[in-house]
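Q: Output the structure for:
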Amino acid sequence: MSDKGYKVEKVLPYKKKKEGKEEQVKEMFNSISTHYDAMNRAMTMGIDVTWRRRAIKSLRKYKPKLILDVATGTADFAIEASQRLRPLKIIGIDISEKMIENGRIKVAKQGLSNVIELKKDNCLQCSYDEALFDAVTVAFGLRNFENLEKGIKEMYRVLKPGGNLVILELSEPSFLFLPFYRIYTKLIIPFMACSLRQDVKAYQYLPTTIQYFPKGKEMIALLQKCGFKEVKYRRFTFGVCSFYRALK
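A: Alright, predicted model coming up:
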């Protein structure tokens, strides 16, 4: 990190000088919300489902009753966590209205509307009280934050003492697989988006955020700086996905 922040904070979906990252990210996810789930499955070949399940399994022994799912999107993580952890309540927050709308439809189809509540909210200025949640989760959303440190500090604030933070984030694989991965993310994924008449700029932005997002030791140091302890770090699928768990 430099004095000007993390590189990923400067990566924008669109070249609009009058709009900051938050506004552009909101616009981007509103524009791709309809086909977001289908593109996710296609891009990861369905492996993202396994990543979520492994992250959720790490919380099982703690039996969290109240969970905050940050950058919940269309609620994939919230739905899986509800089914596997059986909490009393999961609140999912996101800045994209259309992603939340699609998430509510999925939640209702699963019969989980009494357990999962989706709200428009901004993790950088979270509207919830201090020390409220047993666990906070964020899957594939951190790299879209306009201010990483501020967002992580907010998640720390709303966690109860002893509560768990769980993070899943896409990352670049080991050196051996890196050339193939970059060809896939920088050429094939945008081509897929174009074929499906999706926002190509969105699928050019996403691989760039993966490249510049802090990973490994740098991410562990950031979590510790924000107050977290006992940070655990694992890499899934040759390093394509990074998993972090930390305690308040």
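Q: What are the boundaries of the helices in this protein?
A: 21-32, 36-44, 47-57, 76-85, 97-109, 148-158, 178-183, 189-195, 200-212, 217-225 (DSSP state H).
Q: Of all the ones you listed, which one is nearest Thr237?
A: Between Thr237 and the helices of the chain, the tightest spacing by CB to CB is seen for helix 47-57, at 5.8 Å. From N, CA and C alone the C-beta is placed, and that goes for glycine too.
Q: List the buried residues for that closest one?
A: 48, 51-52, 55-56 (16 or more other CB atoms under 10 Å).
Q: do the same with stretch 64-82
A: In stretch 64-82, the ones that count as buried by 16+ other CB under 10 Å are 64, 67-82.
Q: And it, end to end?
A: 10 Å (CA to CA, to the nearest Å).
Q: what does stretch 150-168 give?
A: When the termini of stretch 150-168 are compared using CA to CA, they are 18 Å apart.
Q: Please state the offset of that stretch from the chain centre?
A: A distance of 13 Å separates the C-alpha centroid of stretch 150-168 from that of its chain, computed with CA atoms, centre = their mean, to the nearest Å.
Q: now do stretch 239-248
A: In terms of CA atoms, centre = their mean, the centre of stretch 239-248 is found 11 Å from the chain centre.
Q: could you check the angle helix 148-158 makes with the longest strand seen in the chain?
A: In the chain, assigned by DSSP state E, the strand with the most residues is strand 159-170. Between the axis of strand 159-170 and that of helix 148-158 there is an angle of 140 degrees, by axes from the mean of the first three to the mean of the last three CA atoms, to 10 degrees.
Q: Give the pairing partners of strand 159-170; include direction for each.
A: Strand 159-170 sits in its sheet next to strand 133-139 (parallel), strand 241-247 (antiparallel), going by DSSP bridges.
Q: And Pro207, how close does it get to Leu165?
A: Using CB to CB, to the nearest Å, one obtains 25 Å as the distance from Pro207 to Leu165.
Q: Show me the shaky parts of this protein.
A: Along the chain, the parts satisfying pLDDT under 70 run over 1-4, 193, 195-198.
Q: contacting residues around the closest residue to Tyr244 other than its chain neighbours?
A: The spatial neighbour of Tyr244 that comes closest, neighbours along the chain excluded (CB to CB, 6 or more residues apart in numbering), is Ile167 at 4.2 Å. Shown in contact with Ile167 (CB atoms under 8 Å, 6 or more residues apart in numbering): 137-139, 142, 242-245.
Q: could I get these as a markdown table with neighbour count?
A: Rendered in a markdown table, the data for those read as follows (neighbours: other CB atoms under 10 Å):
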| residue | neighbour count |
| --- | --- |
| Thr137 | 29 |
| Val138 | 24 |
| Ala139 | 27 |
| Leu142 | 25 |
| Ser242 | 22 |
| Phe243 | 19 |
| Tyr244 | 24 |
| Arg245 | 21 |
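Q: Quick check: bridge partners of Leu168?
A: Applying DSSP bridges to Leu168 gives these bridge partners: Ala139, Phe243.
Q: Surely it and Ala139 touch.
A: Yes. Contact between Leu168 and Ala139 holds when scored by CB atoms under 8 Å: they sit 4.2 Å apart.
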